[in-house]
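K.L.:
Could you look at this predicted model? Sequence included:
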Amino acid sequence: MTADRETPVTPVLDVRDLSVRFRMRGGRDIAAVTDARFSVAPGECLALVGESGCGKSVLASALLGLLPANAETTGSAVLGGDTDLLTAGERTLARTVRGRRIGLVPQSPAAHLTPVRTVRAQLEETLRELTGVRGAAAVRDAAGEAAARASFPADHLDRYPHELSGGLAQRAATALALIGDAPLLLADEPTTGLDRDLVERTVDELRRHTDEGRALLIITHDLAAAERIADRVAVMYAGRIVEIAGSRPFFGAPGPRHPYAKGLLDALPERDFAPIPGMPPELGALPDGCAFAARCTRADARCTDERPAFEDALACHHGLTGRAHSLTKAAADA
Amino acid sequence: MADTALAHPGRTTRRVRVATSVTVVVAVALAVLIVPPLAQLDQQAVDLSNKLHPPSWAHPFGTDDVGRDLLLRCVYGLRVSLLVGLVAALTATVIGTAIGALAGSFGGWPDRVVMRIVDTLSSIPHLLLGIFIVAMFRPGVWPVIISVALTHWISTARIVRSEVLSLRSRPFIDAAVSGGASRVRVIVRHLLPGVLPQAGLAAVLMVPHAMWHESALSFLGLGLPAHQASLGNLVQSARGSLLAGDWWPTLFPGLFLIIPTLALAGLAGAWRDRINPRRKSELML
Amino acid sequence: MLELTRITAGYDRRAPVVRDVFLSVGYGEAVGLLGPSGCGKSTLAKVAALLHRPDAGTMTLDGTVVRGWRHRAPQEQRTAVGVVFQQPRLSADPRLSLRELIAQPLRSTGRRREVPARVAELAPLVGLSEELLERRPHAVSDGQLQRACLARALVLRPGLLICDEMTAMLDASTTAALVAVVETYRAESGAALLAVGHDRVLLERWCDRTVRWGERSVERVPVG
């Protein structure tokens, strides 16, 4: 199993060489995302992991057309085989994409919900906006169904967002995201600040919606959540995707192939609990060679001079090669 | 998103607005600072043979009912009005900031007492309160300044207090307290610098407010003594001639009041755009 | 080092978020306080850091009964406890450079002459370069800012360090790095630690013992 092999089905989202540059005052340029390439198939969950400031949230905003005016994007991000999210205008995105073809599960649900309206009112409004359901009674029933789909308890529907616990607020936000029956769900740090039990419940529910045939792109720095939910993992470092791998080989045997990904996993408290030395480079002043070279124990002259290409789902001069790795994995599985 | 989309066509108009405001403010400042000492002209020069002349080359703004040059009178009047406005706004801002910051950072009963006083004072019309204060003194510049300052600190105190309240609950204030910072240090080093842009904005907006207040008092005959030209005095003394159909003695002082007001408001608006936190979200990392 | 007895605290006397809580941290001991989000453990941490006055209960710090909180606590008592909060963005004064941020407690306590030496000593420990020290919070990442906040908490060499969800927003590597800094400091100074969080795996790995927040109030949990 090569991680990035094309699935026979048309991918729900196909991102090719997506780059985002921020033009700053004083002529500076910030390379927030560079040449990102990945795809998500129906019924599949891809987790985009990396530390804060590595560009993963910028990537999510680029897909939703929510970048500030000083950002420039290149490449393509094709949704459902026909719409390029990067070139589609704001009208198209607002009328046919957000909510209808991409459901957004937000980072802080409490802030995402309107504080002065009940959950039911917000569900009903979204239903009227996104679906053909008409008539007070029909909308009311549909709101109940929408809540049930996200396991939001019916007796809490008439509550205001501040009366909900963090977990219920997250479910209410998920219910809203699911109303448009979008084929792609985009979850941006959906578990930040939640405790472990709640993380697992949130993640399991998202997984359930994926198993119903949706594609899920989850952006997170929580590796445990990624391990629990994802089919494949994309590791981002300093604006680039450095490795894409199947979740089982990545978290299990034989483990990640990129030294950064390995370092990140080893830093977990359940593993070595040892940090990667140093800090990531500035996105405004990236080195010519591999961005990770300065922190990498395996780096040599080639790494500092030449940027490794992203080939066979890996961007590293010294990583284990895909073939050998797959063989090891096949051997381990057998 | 709508914000950023709208920002582009609006940018040029905003620049023009700011440039115009700056030009007017600079022109006004030059006029009141340089003209009186340089031009050795006597604003009080009476020329009874030339009274109530409409605007002409010799007297661009015309003359008043005793033949004094109105342009010169307006410049001197603006000088006095602006002085009153600036000093009063500054005093009111200092009082308001101090009271607002103390009330906000102490909280509890001191806050409640101060805010009740503020509520009570603000329920009395400003002008009435101002008249009451001026009436206690002999007519002059200082009573007017005191009257304006004592009626205008209230809004600043409110603004500063609410800003302080929102800053006070931030963890960085907790961190300062934990690091051993005294009460005074927390206020002076961490709370005040955070509210000064807002207080400064309020101060700039208050200058024209104070000028109008002064003019209103002078117009009612309670402000500056009649011989001291202020814009309010000029309008007041020209009231009679307006009924006779002579428009210039009231129009020009009025314009001198309105144009700097608009310019200062334009500057304040530009400043508000600058300190608006939304502008800082250009880079979303 | 720290003894909290029957602490009741909150923001509304009628509905306290912390009720009748016992908690103790021995000298040099690292205690992890585990609890779900919104259970009141952060409020308890603020009580222990002398930042929030409890409605009832007694607190003993380094053998002295605490008589006042916030500014009513003597400066030596307040500075004996270092605190790191969850959100570095909110815990840093946006106008100060990271260098000034770290130096604030020294300046507050009239020890400004020690600033250059102490900052030069702490910056490499938390992994901040000279160039980063000159930046203001908006120009650094969450992880870098939290490193500065940790340095600020350590600058006065507190005998007790309280970390309230210090690493909740951070990635695995930065988490491990910050925990390593805390442990280096504790090994060298013998300071005690109260780490508050919801990540069981992390706190069990980090601390000598963990205490679990009960349904409505914390019970004393035996060592182990």
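P.N.:
Done, it's in. As the structure is a prediction and not an experimental result, all values here were calculated from the model. Numbers count the residues shown, from 1 in each chain, chains lettered A, B, ... in the order given.
K.L.:
pLDDT below threshold where in chain B?
P.N.:
Applying pLDDT under 70 to chain B flags residues B:1-11, B:36-48, B:275-285.
K.L.:
contacting residues around the one residue in it that gets nearest to chain C?
P.N.:
Closest residue of chain B to chain C, CB to the nearest CB: residue B:179 (3.2 Å). All C-beta atoms are positioned from the backbone trio N, CA, C, and that covers glycine. Shown in contact with residue B:179 (CB atoms under 8 Å, 6 or more residues apart in numbering or on different chains): C:78, C:79, C:104, C:105, C:108, C:109, C:152, C:155, C:156.
K.L.:
can you rerun that using 10 Å?
P.N.:
Residue B:179 makes contact with B:185, C:75, C:78-79, C:82-83, C:103-109, C:152-153, C:155-156, C:158 under the criterion CB atoms under 10 Å, 6 or more residues apart in numbering or on different chains.
K.L.:
how close does the residue in chain C that chain B sits nearest to get to residue C:81?
P.N.:
At 3.2 Å from chain B, residue C:105 is the closest residue in chain C, using CB to the nearest CB. Distance, residue C:105 to residue C:81, using CB to CB, to the nearest Å: 11 Å.
K.L.:
tell me, what's touching these two both at once?
P.N.:
B:178, C:153, C:156, C:158.
K.L.:
Wait, a helix at residue C:32?
P.N.:
No - with DSSP: H, G, I helix; E, B strand; the rest coil as the criterion, residue C:32 is located in strand rather than a helix.
K.L.:
I'd say residue A:92 and residue A:83 touch.
P.N.:
Yes - Residue A:92 is within contact range of residue A:83, at 7.2 Å (criterion: CB atoms under 10 Å).
K.L.:
Around chain B, pick out the residues from chain A.
P.N.:
Residues of chain A lying close to chain B (CB under 10 Å from any CB of the partner chain) are A:20, A:22-25, A:30, A:32, A:52-55, A:57-58, A:61, A:64-71, A:90, A:93-94, A:239, A:283-284.
K.L.:
6 Å instead?
P.N.:
A:22, A:53, A:68, A:69, A:70 (CB under 6 Å from any CB of the partner chain).
K.L.:
secondary structure class for the closest residue to residue B:223 other than its chain neighbours?
P.N.:
What sits nearest to residue B:223 in space, not counting adjacent residues and going by CB to CB, 6 or more residues apart in numbering or on different chains, is residue B:217, at 3.6 Å. At residue B:217 the chain is in helix, as set by three-state DSSP.
K.L.:
Next, show the common contact partners of residue A:92 and residue A:83.
P.N.:
Common contacts of residue A:92 and residue A:83 (CB atoms under 6 Å, 6 or more residues apart in numbering or on different chains): none found.
K.L.:
Longest helix in the chain, please.
P.N.:
Defaulting to chain A. In chain A, taking DSSP state H as the definition, the longest helix is helix A:196-211.
K.L.:
look at chain C instead
P.N.:
Per DSSP H, chain C has its longest helix at helix C:172-189.
K.L.:
name the helices or strands packed onto it?
P.N.:
For helix C:172-189, the packing partners by 3 or more CB pairs under 6 Å, 6 or more residues apart in numbering or on different chains; DSSP states H and E come out as helix C:142-154.
K.L.:
and the angle from the helix it packs on to helix C:172-189?
P.N.:
Helix C:142-154 runs at 10 degrees relative to helix C:172-189, counting by axes from the mean of the first three to the mean of the last three CA atoms, to 10 degrees.
K.L.:
circling back to that earlier point, could I get the average pLDDT for the longest helix of chain C?
P.N.:
Throughout helix C:172-189, pLDDT has a mean value of 94.
K.L.:
Pull up the pairing partners for the helix or strand following that helix, direction included.
P.N.:
The helix or strand immediately downstream of helix C:172-189 is strand C:192-197, counting by DSSP states H and E. Looking at strand C:192-197 with DSSP bridges, its partner strands are strand C:30-34 (parallel), strand C:160-164 (parallel).
K.L.:
So the closest residue to residue A:119 other than its chain neighbours versus chain C, what's the distance?
P.N.:
Nearest in space to residue A:119, with sequence neighbours left out and distances taken as CB to CB, 6+ apart, is residue A:172 at 4.9 Å. Distance from residue A:172 to chain C, counting by CB to the nearest CB, to the nearest Å: 16 Å.
K.L.:
and residue A:172, what element?
P.N.:
helix A:166-179.
K.L.:
Output the next helix or strand after that helix as PDB - backbone C-alpha positions only.
P.N.:
Going down the chain from helix A:166-179, the next helix or strand is strand A:184-188, by DSSP H and E. Only the C-alpha atoms of strand A:184-188 are listed here, as PDB (Å, rounded to 0.1, in the frame of the first residue of the first chain):
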ATOM      1  CA  LEU A 184     -16.500  16.900   2.400                       C
ATOM      2  CA  LEU A 185     -16.200  17.700   6.000                       C
ATOM      3  CA  LEU A 186     -13.400  20.000   7.100                       C
ATOM      4  CA  ALA A 187     -12.600  20.000  10.800                       C
ATOM      5  CA  ASP A 188     -10.100  22.600  12.000                       C
END
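K.L.:
Of all the residues in strand A:184-188, which ones are buried?
P.N.:
Of all the residues in strand A:184-188, those buried under the rule 16 or more other CB atoms under 10 Å in any protein chain shown are A:184, A:185, A:186, A:187, A:188.
K.L.:
So among the residues you listed, where is pLDDT lowest?
P.N.:
The pLDDT minimum for the buried residues of strand A:184-188 sits at residue A:188, where the score is 87.
K.L.:
Contact partners for that one?
P.N.:
By CB under 6 Å, 6+ apart, the neighbours of residue A:188 are A:60, A:107, A:219.
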